[in-house]
Each structure stands twice: as C-alpha cells, then as structure tokens.
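In: this one's sequence-less:
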C-alpha cells in the first residue's frame, strides 16, 4: 500500500485535528507541518515528523501528495490556497459562503496552470451539510431546505462579546429552537424569522467591578450578532468557564421536506444531523477523507478546483468498488 | 433545454411513482411505458404518452435516454436489467443486498459491450442509506454504523402473514425500538440482538370463524420473519384495514458514531433519517435524480455499470456547477 503523504499548513485547532485524523487512517502519513511561527516553538504530537517554516514550502514539492490549508477563511485562505495550489494538490475548509465563487475561480486558475487538484470548502458546513442539501434537493424537487446550527460554540459570536468593555472572556452557544425543528419535521414548510429558528446563550466572565447590566444590554442589542435573537446572558467565574465550557462542540440539522405523487399528496422528510464533541476535529476528519479523493484524482491525471459536489462518494473510501458494493450498498 | 427522455418498464407502484417524479422535474419527459400485460389494459396518468408491449422495447432504441426498470428484484430485474442494458441506458432499484455483486457483474458486461451506462440498486436502501453509510464510515473510520428501518410497511412480512391459513389480509409494520436508537445516539456503540433493534406490529383481517389464537401463534413463531422479534398482533376488520392502513409509509435511520482526538476523547454522531409517506414514490424520486446523472455520463461517453457510490452529487442536479457553488455550498 502506498501511503498518502499529507502536509499541514498552520498548526492551530484545525491543524491538530488533521494530525489526529491522519493517525486514524492507515493509508495516510503525515509528511510535515508548516508554520509561519518559529518552527522551533511549535511542538507537534507525531514523532519523527518535521515542523518546517512556511517559507520553505516550495522545497517540499514531490514529497507531499496533498497539503491541507489550516489557516483562517478571512485572510489566510484567500492567499494561501491559490498560492499553495501552484505547488501541491491542496484541500481547504474555506467557509465564507458568499466568497466561495471568487475563491473557487482563483484556486481553479492556479491549480489548472500547474496541473494540481484542489478541493475547497470541505468540512461540515460547507461540506457534508452542502452535500445533503444537494442530494435532498435533487430527490425532492418540490420541497424546501432548512439548515439549523447547534447546539454549538460560535467562535465569531464569542469574539464579539469579548470585545465589549469589561468582558474578560466569553463563550457563546447557538441553539436551534426545538419548536421550529418540530414544525419543519411536520412537513408544513413554515417560513421563519431569524429569532424563530435559533436562540443564543452567552456565558460571560466580567472584569472585577464591571457594570453587568450594561454588558448584558450591549450583548443583547448588538446588531447582526444578537439583536435579532432571543439571547440569554449568564455571568460566571473564570473558573467555571474553564471547567464547564472548554470544549468546542457543534453540529446541526439539514432538513428537507417535500411532496410527491400525482397531486403532491405524499410528504417526505429527509433529515441529516450532526452532533459533534469537537468542531475542528470533525472538520479535520472530513478533510482527510477528501484528501484521499484528491490524491486519487491527481493520480488519474485530473486537475483544477473541485468542491464536495464534484467527488463521487467511492473516492473517499480506502475500500475497492467491489468491497464497497459487497459491504455497504 | 434538451429534455431527458425516460422510459418505464413495468407499471406497478414503482412505475407510477416514476411517472409522477418525471412530471415533477422540468428537464425530464416521459417517452413511453412498457408493460408485459396487454398494453390496452394499462391506463397511465400522463396524456399523449404511449403504453407499449415490452416485446417492442428494441424498436425504441434512440428514442429513450434512460429506461427505468420497475419490476421486482426477485425474478424480474436479474433478467430485465442486463437485457435492457444492451438496448438502453438503464437504472434499477435492485434491492437483494446479497446478490448485488452478481447482478453488478451481469449488468456491467451487457452495458460495456454495447456502450451504455447502467446504474443499479438506487432508491433509499440500497441507495441514499448506502451513500450515508459510506460517507460516514470514511469521515469517522474509528466508529460503528447502525441502520434502523421504519416505522414502515414491510411487503415481505405482510405477504408472509397472508399465507397463513385463515388470514384474509394483513399489514406488517417494522418499528425501531426507541431505547436502541437512544443508546446508539449516546455514542456507546452497543451491540444488539435482533429483538433489541426492531419490533414488529401486525394488523390482520381473519376469515370468518378462523382460530385467532392459532393465527397469532403462527405469526409470532414464524422463523426468520417474526420468531426473533417482539411481535404484536391486532385483529381488525377489512374495513379498518382499508381505512387505516392503505398507505405504504417507510423510512429509517442510518447512524454512525465515532471517536476522534489523540486518544479518542471526542465523540461524534452522524444521523441520516428518512420519514416517507410513500416508499415507492420516494424510491422513484431518487431513481429519477440518478437518471439525470446517467444521461449525462452517457453523453460524456462513459459506459458500464455504476452504483450510487460512483456518482458525484453534482451530476444529480439540473443546476450548473457555478449555480450549485453559489446557492448550496
């Protein structure tokens, strides 16, 4: 068995998740971790794998089958993914939904010119949630899609709370409204306001002597982030935050309901649900499955930018077509 | 827009479902319905579409893009799908899991020799359930898959009850055991006996004067079908059966739980659920989405036998890659 040699660019939560996922897949091996920090300051879990300065990436051509871009979507990936697609096959988890077409075009150009395969925006949303929206929409054209997120930690919303004066630390959970979920599952195809689908729960550590009432009010009235939601604020101690809110759980639901029959008399519900203890580790696990597909497509001579929509499920598996048909069909 | 011309072979519940699904997809049209019965005795819903004797199939080459095989898996499809794959691109819903490798080989040979594309075993199980088993297994290699069926009508079990002396009619529901579902979702990865995963509920119309106790006993002790399950038997009137048990609902759950992290410290649950008012209409809707993929692959010059594992999700959609990335990713 030839192992798929994986490189990781960026060693934060996602990079560490990718490292774990490589270890969980027997046909994969970690070739190197690249960092913009001083490599000597970065300690990784896998033994005998080098940590290398990102500036050295070019020298690793031919030694890596797929490079996983583990920076942020806001500023890192728009630069890194196209740049790296000139050197390697790459996979990223770019999740700024609105900018996907632009990102796709940039990455596609770089990958085509150099004959590499690039896969962008994998993970769970975008990623497996997208795949489920697509399958369900195709099977039930007369229907409606709903996506609920949570219960889970939103990093962006937690950060927004931390920027408020007097806040030392904070954790924000996005929570689907159970009545909304039930209404969707009933097949009624309801229309919802923002407030009706999700609520927000905040755990806040205030600085000593801070005005809690003002902080709570600033959170609840913050435009875009909280104003359109029912928001609950709990003030807790730093100790409680570290003890009870260390994890990065997430998940959610993609539900499509639709009608079939001569007069739409039959109703159907397709529901895909994720319940994840660790958002970055699950994202990393999906990325690694798609790395396998990218390595294969590249071996077949394919090139250019792809998304999860373009990958036949069989490409994700280490099993042969024959084994898959015998054991999973 | 060039319409995909669909032919239907066999006009039972599934064939009628396919007819409805074609009507729900704007890029599809029904070209003809083929039957082994006297065509004049078959009345279809769509206007101006011919009903043709199955013996005439050969004459329709060039007039049909994809033929949907709507016979039974036991005896029809093993003959019909390979035979028809010599004449047309074909899609079937062959669901005898154990015989899929043999069926695949036969259909592949016929399709390759004549340059057609054939897709077998689509629908929901095999079909969308299989796709979900595959994706989940690849993303969480350290995990375990569970498939629950129901609540839904099992045709095979209903038929088995009808063969008992003194039974006039019957309907059998397969029902997942809620405690088993919850145990799986908890991430414990339990092992179950047959009895622990599903129970069976039977609604039976007895002939006048029949020995109800004997019938109930014969059902509950029937090997393979009922003996290994907790089975409930309700005797009802024919009127009640027709009033309350006309539908063909089904569905179920594919759940995978798995661990990630350096020491498997994080647990994840991937759950795919179907709740279907009409088993044959949903199966037909999935078939029609895959017919679109088959027509495209054929246009691209592909040939041979495929399964749902071999089809990139984007091929199922009438939207372009650009539209999909913009609206669903």
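Out: That came through fine. Bear in mind the structure is a predicted one, so any value in this text is a computation, not a measurement.
In: Name the residues of the stretch 1-150 of chain A found near chain B, please.
Out: A:17, A:20-21, A:23-25, A:45, A:97, A:100-101, A:104, A:121, A:126, A:128, A:130-135, A:137-142 (CB under 8 Å from any CB of the partner chain). Backbone N, C-alpha and C define where each C-beta goes, glycine included.
In: Show me what counts as buried in stretch A:238-252.
Out: A:241, A:245, A:248, A:249, A:250, A:251, A:252 (16 or more other CB atoms under 10 Å in any protein chain shown).
In: who's the third one bridged to?
Out: To tie it back to what came earlier, the one meant is residue A:248. Under DSSP bridges, the beta-bridge partners of residue A:248 are residue A:278.
In: pretty sure it is in contact with residue A:279, am I right?
Out: Yes - counting by CB atoms under 8 Å, residue A:248 does reach residue A:279; the two are 4.8 Å apart.
In: Is it possible to mark the buried ones in the residues of the stretch 1-150 of chain A next to chain B?
Out: Burial of those was assessed by neighbour count (16+ other CB under 10 Å); the buried members are A:17, A:20-21, A:23-25, A:97, A:100, A:104, A:121, A:126, A:128, A:130-135, A:137-141.
In: Inside helices: which ones of the residues you listed?
Out: Those of those mapping onto helices are A:17, A:20-21, A:23, A:100, A:104, A:128, A:130-135, A:137-139, per DSSP state H.
In: Check whether stretch A:170-186 comes near chain B.
Out: Yes - contact of stretch A:170-186 with chain B (CB under 8 Å from any CB) involves residue A:185.
In: Pick out the residue nearest the middle of chain A.
Out: residue A:123 (3.9 Å; CA atoms, centre = their mean).
In: and the gap between that one and residue A:279?
Out: 9 Å (CB to CB, to the nearest Å).
In: which of the residues in whichever strand or helix holds residue A:298 are buried?
Out: Taking DSSP states H and E as the criterion, residue A:298 maps to helix A:279-299. Residues of helix A:279-299 classed as buried: A:279-298 (neighbour count, 16+ other CB under 10 Å).
In: quick one, helices of the stretch 1-150 of chain A?
Out: Assigned helices in the stretch 1-150 of chain A, in chain order: A:13-23, A:76-85, A:100-114, A:128-139 (criterion: DSSP state H, counting those that start in this stretch).
In: and the shortest one, average pLDDT?
Out: The reference is to helix A:76-85. If you average the pLDDT over helix A:76-85, you get 97.
In: tell me how far that helix is from the chain's mean position?
Out: 17 Å (CA atoms, centre = their mean, to the nearest Å).
In: report the angle between the axes of that helix and helix A:100-114?
Out: Angle, helix A:76-85 to helix A:100-114, by axes from the mean of the first three to the mean of the last three CA atoms, to 10 degrees: 20 degrees.
In: Quick one: list the elements packing against helix A:76-85.
Out: With contacts taken as 3 or more CB pairs under 8 Å, 6 or more residues apart in numbering or on different chains; DSSP states H and E, helix A:76-85 sits against strand A:66-69, strand A:89-92, helix A:100-114.
In: For chain B, what's the nearest residue on the stretch 1-150 of chain A?
Out: residue A:138 (4.0 Å; CB to the nearest CB).
In: any idea what the nearest residue to residue A:197 once chain neighbours are set aside is structurally, helix, strand or coil?
Out: Closest residue to residue A:197 apart from its sequence neighbours, by CB to CB, 6 or more residues apart in numbering or on different chains: residue A:180 at 5.1 Å. State at residue A:180, reduced to three classes by DSSP: H, G, I helix; E, B strand; the rest coil: helix.
In: Residue A:180 contacts residue A:148, doesn't it?
Out: Yes - with contact defined as CB under 8 Å, residue A:180 reaches residue A:148; the gap is 7.3 Å.
In: any common contacting residues for the two?
Out: residue A:197 (CB atoms under 8 Å, 6 or more residues apart in numbering or on different chains).
In: what residues are up against residue A:103?
Out: Here residue A:103 is in contact with A:77, A:78, A:81, A:94, A:96, A:120, A:121 (CB under 8 Å, 6+ apart).
In: Looking at those, spot the one nearest residue A:172.
Out: Proximity of these to residue A:172 (CB to CB) peaks at residue A:96, which lies at 19.2 Å.
In: who touches residue A:92 in this structure?
Out: Contacts of residue A:92 by CB under 8 Å, 6+ apart are A:68, A:69, A:77, A:80, A:81, A:118, A:119, A:120, A:121, A:122.
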